[in-house]
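1. let's see this in three dimensions:
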Amino acid sequence: MTRPETLNDVIKDTMRVSGVPYKVEVGGVVNADPVNHPPHYKVGGIETIEYMKAKSTPEEFKGHLRLTAIKYLSRTGYKDDALQDLKKAQWYLNRLIKECDDENG
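-> Predicted coordinates for the structure are as follows:
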């Protein structure tokens, strides 16, 4: 068994073992997904990442994805939840791979 990294991990593990549903609240939204679809990125009716894609060239957008993945990898262990930072880096890498796959047909 691995050692929990944060107080949030301890709470989640405790809730899971006790059978009590664990609720995540982000920006007032219960069970929000802070990695894949943070609610604060959907204000205005469009997810920020899609707006950024629409307003940039394919090269600019892929550069943004790559650099943002680097940002999350670089800060892992120094800010907030390390596991969440790794998941965010993975999300941006996965999106970059998807963009490259779509481009190559």
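2. OK, contacts around Ser56?
-> His64 (C-beta atoms under 8 Å, 6 or more residues apart in numbering). C-beta coordinates here come from the backbone N, C-alpha and C atoms, glycine included.
3. pretty sure Ala69 sits against Asn94.
-> No: in this structure Ala69 lies outside contact range of Asn94 using C-beta atoms under 8 Å: 9.3 Å.
4. these two: which is more packed in?
-> Set side by side, Ala69 and Asn94 show more neighbours around Ala69, with 19 against 13, by other C-beta atoms under 10 Å.
5. where do the helices sit along this structure?
-> Across the chain, reading from the start of the chain, the helices by DSSP state H fall at 7-18, 48-54, 58-75, 82-104.
6. sort out which residues of the shortest one are buried, please.
-> To tie it back to what came earlier, the one meant is helix 48-54. Burial within helix 48-54, assessed by neighbour count using 16 or more other C-beta atoms under 10 Å, is assigned to Ile49, Lys53.
7. show me what that helix is packed up against.
-> Judged by 3 or more C-beta pairs under 8 Å, 6 or more residues apart in numbering; DSSP states H and E, helix 48-54 is in contact with helix 58-75.
8. who's in contact with the helix it packs on?
-> Contacting residues not belonging to helix 58-75 are listed as 52-53, 56, 85-86, 88-90, 92-93, 95-96, 99-100, 103 [C-beta under 8 Å, 6+ apart].
9. wait, which of the helices of the chain is closest to Asp33?
-> Asp33 sits nearest to helix 82-104 of all these, at 10.1 Å, using C-beta to C-beta.
10. where in the protein is the helix or strand with the lowest mean pLDDT?
-> strand 25-26 (a mean of 52; mean pLDDT, DSSP states H and E).
11. relative to Gly45, how far out is the residue nearest to Arg95 when sequence neighbours are not counted?
-> If you skip the residues right next to it in sequence, Arg95 has Leu65 as its closest partner in space, 5.4 Å away by C-beta to C-beta, 6 or more residues apart in numbering. Leu65 sits 22 Å away from Gly45 when distances are taken as C-beta to C-beta, to the nearest Å.
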